[in-house]
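after the sequence you'll find the predicted model.
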Amino acid sequence: MTSTQPARTARASGIPLPASYGDRQRTGLTSGDLFEGMAEHLFFSLGRSAIDASPHDLYMALSYAVRDRLMTRHLASKDLLRHQQPKAVAYLSAEFLIGPQLANNLLMLGLQSEAAEALERFGISDPEQVFAVEEEPGLGNGGLGRLAACYCESLASLEIPATGYGIRYEFGIFDQLIKGGWQVEITDKWLKGGWPWELVHPTKAQTVGFGGHTEVWHDEQNRYRVRWIPSQMVLGIPHDVPIAGYRVNSCGRLRLWRAEAAESFDFHAFNSGDYHGAVESKVGSETLSKVLYPNDGTAGGRRLRLMQQHFFVSCSLQDMIANLKRRGLPIADFPQHWAVQLNDTHPAIAVAELMRLLLDEHGMEWEQAWSITSSSLAYTNHTLLPEALERWGLDLFAALLPRHLELIYEINARFLQQVRLRHPGNEQILRRVSIIDEGEAKAVRMAHLAVVGSHHVNGVAALHSELVKTNLFPEFAALWPEKFTNVTNGVTPRRWVALANPGLNALLSDSVGPGWPVQIKALKQLEALQNDEPFLQRWAACKLTSKRRLAALIERRNGLLVDPTTLFDVQVKRIHEYKRQHLNALGLIARYLRIKSGDTDGLAPRTVIFGGKAAPGYAMAKLIIRFINGIADVVNSDPDTRGLLKVVFLADFNVQLAEKIYPAADLSEQISTAGLEASGTGNMKFALNGALTIGTLDGANVEIREHVGPDNFFLFGCTTDQIAALHRDGYRPWEWVAASPLLEQVFALVESDHFSAGDSELFKPLVQNLVGSDPYAVIADFAAYLEAQDRVDAAWQQRQFWQRMSLLNTARSGFFSSDRAVYEYASRIWQTPPARVEMSCPI
């Protein structure tokens, strides 16, 4: 396109668009356009000719070509924010587990077949050859980060202006290998091949301080003021990642901050021969964005975590204020233009930092600053576990953030005065709700700070939200009942079904309409087909195709042949005692003993699949991984189990692997101790893909069972109240073991060297933990778990009955779309209506 051709205009903004918006190589949507765009990027961006292009070269070229097509939407969405000034969401999260971007962006833009045709012209017959080259972005770890990614995608698809703010980690949490049955952590160098999806904006850098001291001064009106004089300054460089909406013109973004030293090189030190000292500031500052979740088992690790949290929160809030200034809007109107969501307690320092910015940098009075802060922030709680409700020691806080600690003291004093008025003379309640824990180890309670400074506090499942009010923050809920609400989590059906399960996507499009990924209620139409035998056969064929794909992956990765016609029984999630992978493992040993005794009548042939990472410092979780692999070694080599049982641990569970596992699962293991899982999102992905759930009444399991129907869910285990009563009445798990011959037999086998290659001491800590205290009620739920597995075996024998239950799980899981969850946030908490982008240029 030449410069003499007329510019296109986006009606949403009224701003002339660059001539390149109409360049077919940059914005065209045919396979020919993509091919030409790839050829151009191969030559000009990568310096490659088509004849010697590697799969990685083709991945980069196609990604750049797809990114070109996102830019029209990305810039038009920014123009709309600038000129129409709708209220936007700022989603603050320590992690965003966004997964590979190329295939997902092709889906969102509707370019999957066009990309396949373009690649075929380069000699690539299967696009997976190119998709497989893409590294998994190391920006998240588990459910928290994946939820944030789903919400950003839904915000874009619902055309709600939004920015997800976080950290651009140079290294992910770790890549997981299994050696000798043990987890081995290796560095996740996800950026080593380049990442074509980010746009760097060094001119929009923000400066963040640490340490130092504060000074009192008086302004020209003789008002009391405080200035913070940090001892260390760090630059935050923004890297933007466009987030495409599904078949819409709107495009959201992630803004991820990379840390740099304000002064990266000391010439004086270098010239004096101190070569290490010359770059010491650079190395120290850049550590802030080096790795996701540094081990907080050391003082240095805790210090780095707090610095990371303040770094990205401060950068993000400064960026929002700068955005208002660029648009000519008064900072006093901050709540009318930004809805700031704190995704768990990691960003809770936002309460103090926004107050500091408004008071110290912009000269506001306390009442106005507090009104703005508490009207802008909302807090999502994701856990009831004490270790996840962050607390920072006062010494550490004072050393790193002295001004913030002063502000927290003042916030706390004003808050406690409100409590005194409601509860005069009640010192106990003051101690319980105080932001400052005045116990032996004095600390700042970050969850309390988030509750006090937010206008809404929500849990992420109906049961969890109730427990937040009754168990976690009962005094706060009594003080401000209007603050507390529930928004049950959701997952995007685009990535987790339309992309991950192409066979099911095609069947759904054919049976309920191609618009189902955004018109999720259309899945209810499947109920009319639950007794249609030919359709159920097609349903079963889709599942078998996915299972064959996963079986091939297991053979490549583990060297193990598994039968795709067996029941695929799956538990994939972070390894933690409360998630009870060891309950599943004990159940496997019981099944193994039954097979060895010859009692196989009614047993469904199974392939039991595990996956998940243990935190590097969590010894018991790592021992559970070793336990599972020890069981797998014995079971898979025993000829008596042939055709009846295989056990697989798939290493390095991530989004790429999850996209292969969820569609292939027949049975979803959601067996956490009741009352401890906030919600879960894997349970939703399994159900949407037609897996049946075996689970406790925990987290979102409760709502999944309500929606899919009790007859289509294998329930077992103690309820939250029963667990509480069990421990209150003096739980003695050793007595339960003594009363169960099967449990005694199981533990006898574990205590021998049968699963530990001759080391009878290996699993002793696990056995002692279970028999001696059993904090997560594994022993108490063991018998009920086996009984539920018997029901699974019986249902599997009736294959048409099973397929009907599978279909109903998908048909009734539309509620668990992230679109529904985001709509609830937008309408009830954020007050952010859609702002649609209409493009007049041919995109």
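Sure thing, it's come through. Residues are numbered from 1 along each chain as shown.

only C-alpha atoms from now on, for both contacts and neighbour counts.
Fine.

on the three-state scheme, Leu235 is what?
strand (DSSP: H, G, I helix; E, B strand; the rest coil).

just to check, it is in contact with Glu263?
No: the criterion here is Cα atoms under 8 Å, and Leu235 misses it with Glu263 at 9.2 Å.

pick out whichever of the two has more residues nearby.
Leu235 (22 against 13; other Cα atoms under 10 Å).

in the stretch 1-150 of the chain, where is pLDDT below threshold?
1-25 (pLDDT under 70).

could you pull out the helices for it?
Using DSSP state H, counting those that start in this stretch, the helices of the stretch 1-150 of the chain run over 24-27, 31-44, 55-84, 102-109, 112-121, 128-131, 143-157.

any chance of these in a markdown table, plus mean neighbour count?
Converted to a markdown table, the helices of the stretch 1-150 of the chain look like this (neighbours: other Cα atoms under 10 Å):
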| stretch | mean neighbour count |
| --- | --- |
| helix 24-27 | 23 |
| helix 31-44 | 21 |
| helix 55-84 | 22 |
| helix 102-109 | 21 |
| helix 112-121 | 19 |
| helix 128-131 | 16 |
| helix 143-157 | 25 |
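
between the two ends of stretch 574-588, how far is it?
Chord length of stretch 574-588, first to last residue, is 19 Å (Cα to Cα, to the nearest Å).

which residues touch that stretch?
Residues outside stretch 574-588 that contact it (Cα atoms under 8 Å, 6 or more residues apart in numbering): 142, 571, 611-615, 620-622, 624-625, 627-628, 631, 670-673, 676-677, 746, 776, 778, 782, 785-786.

please state the offset of it from the chain centre?
21 Å (Cα atoms, centre = their mean, to the nearest Å).

could you do stretch 536-549 as well?
For stretch 536-549, the distance to the chain centre is 28 Å (Cα atoms, centre = their mean).

list the buried residues for it?
Neighbour counts over stretch 536-549 (16 or more other Cα atoms under 10 Å) mark Leu536, Trp539, Ala540, Cys542, Lys543, Leu544, Thr545, Ser546, Lys547, Arg548, Arg549 as buried.

and these, which of them are in helices?
Leu536, Trp539, Ala540, Cys542, Lys543, Leu544, Thr545, Ser546, Lys547, Arg548, Arg549 (DSSP state H).

the first one: what's its closest spatial neighbour, skipping adjacent residues?
Closest residue to Leu536 apart from its sequence neighbours, by Cα to Cα, 6 or more residues apart in numbering: Gln803 at 6.2 Å.

need the residues that contact the host helix or strand of that neighbour.
Following DSSP states H and E, one finds Gln803 within helix 799-811. Outside helix 799-811, the residues that touch it by Cα under 8 Å, 6+ apart are 523-527, 530-531, 533, 536, 539-540, 687-692, 708, 712, 795-796.

neighbours of Val767, how many?
Around Val767 there are 16 residues (other Cα under 10 Å).

downstream of the helix or strand it falls within, the next helix or strand is which one?
Here Val767 sits within helix 764-772, counting by DSSP H and E. Per DSSP H and E, helix 764-772 leads on to helix 778-797 as the next helix or strand towards the C-terminus.

what is that next one packed up against?
helix 581-596, strand 713-715, helix 733-738, helix 764-772, helix 799-811 (3 or more Cα pairs under 8 Å, 6 or more residues apart in numbering; DSSP states H and E).

can you redo the buried residues of stretch 536-549 as a markdown table with pLDDT and distance to Met71?
Formatted as a markdown table, these follow (pLDDT from 0 to 100; distance: Cα to Cα, whole Å):
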| residue | pLDDT | distance to Met71 |
| --- | --- | --- |
| Leu536 | 98 | 43 |
| Trp539 | 98 | 38 |
| Ala540 | 98 | 41 |
| Cys542 | 98 | 36 |
| Lys543 | 98 | 37 |
| Leu544 | 98 | 39 |
| Thr545 | 98 | 36 |
| Ser546 | 98 | 34 |
| Lys547 | 98 | 37 |
| Arg548 | 98 | 38 |
| Arg549 | 98 | 34 |
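
and of those, the nearest to Ala500?
Of all those, Ala500 sits closest to Ser546, with 9.4 Å by Cα to Cα.

the closest one: what's it in contact with?
Ser546 touches Asn501, Gly503, Lys660, Pro663, Ala664, counting by Cα under 8 Å, 6+ apart.

if you set the cut-off to 6 Å instead, what comes out?
Counting by Cα atoms under 6 Å, 6 or more residues apart in numbering, Ser546 touches Pro663, Ala664.

how far away is Asn505 from Leu588?
Distance from Asn505 to Leu588, by Cα to Cα: 33 Å.
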